[in-house]
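Engineer: With the sequence up front, the predicted model follows.
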Amino acid sequence: MTNQENEPTLYERLGGEAQLRQLTQSFYQHMDTLSETKPIRGMHAKSLHMSEEKLFMFLSGWMGGPSLYWEKYGHPRLRMRHMPFAIDESARDQWMLCMKNALDEVVKDESLNDEIYQALYGVADFMRNRP
Ligand code: HEM
């Protein structure tokens, strides 16, 4: 699958479903274990299973792969769905720390790693809803 410019999608460059699974699994493992991310871990349900599944499904479409989240849950309205949680700069940075660790574990291609990190930083910053 390619995008309109016929260039490979982020999903393809990452290596597809198996790699994305690894990325989201690693992401929540870090959230569950890093001391720095205790505040955002505490916002989540006791089991991180559903969060992991939903992030996997969302990122699949976001990276240009199958639109799994859309097909199952409809429009993500991510900013609205995050409103109940107090997301300030610190929460954003905690989320990005989990993602940085996960990317460094799973994505060895430095330029791809950096591209995904920068793009997700934009999404995470957009989620901020507290000063
Ligand atoms: C900026 C810091 C962020 C924090 C603190 C945060 C926190 C949360 C929390 C607490 C939930 C609810 C989980 C549960 O019910 O147990 C959630 C759901 C979710 N988050 Fe985030 N999030 C952040 C950023 C992001 C970003 C950048 C993305 C996407 C790239 C994302 C994607 C999702 C998705 C897809 C869900 C599931 C929504 C649903 O209920 O259908 N989050 N997030």
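Structural biologist: Looks like it came in fine.

Engineer: Could you pull up the mean pLDDT of stretch 66-75?
Structural biologist: Averaged across stretch 66-75, pLDDT comes to 98.

Engineer: And the contacts of that stretch?
Structural biologist: 54, 56-58, 60-61, 76 (Cβ atoms under 8 Å, 6 or more residues apart in numbering). In short, each C-beta sits where N, CA and C put it, glycine included.

Engineer: now swap in stretch 16-29 and tell me
Structural biologist: 11, 14, 48, 51-52, 55-56, 59-60, 63, 65, 98-99, 101-103, 105-107.

Engineer: so which of the residues you listed also contact the ligand?
Structural biologist: 51, 55 (Cβ under 6 Å from any ligand atom).

Engineer: Mind giving me the ChimeraX select for the contacts of stretch 16-29, buried ones only?
Structural biologist: Only the buried entries of the contacts of stretch 16-29 go into this ChimeraX selection, using 16 or more other Cβ atoms under 10 Å:
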select :11,14,48,51,52,55,56,59,60,63,65,98,99,101,102,103,106,107
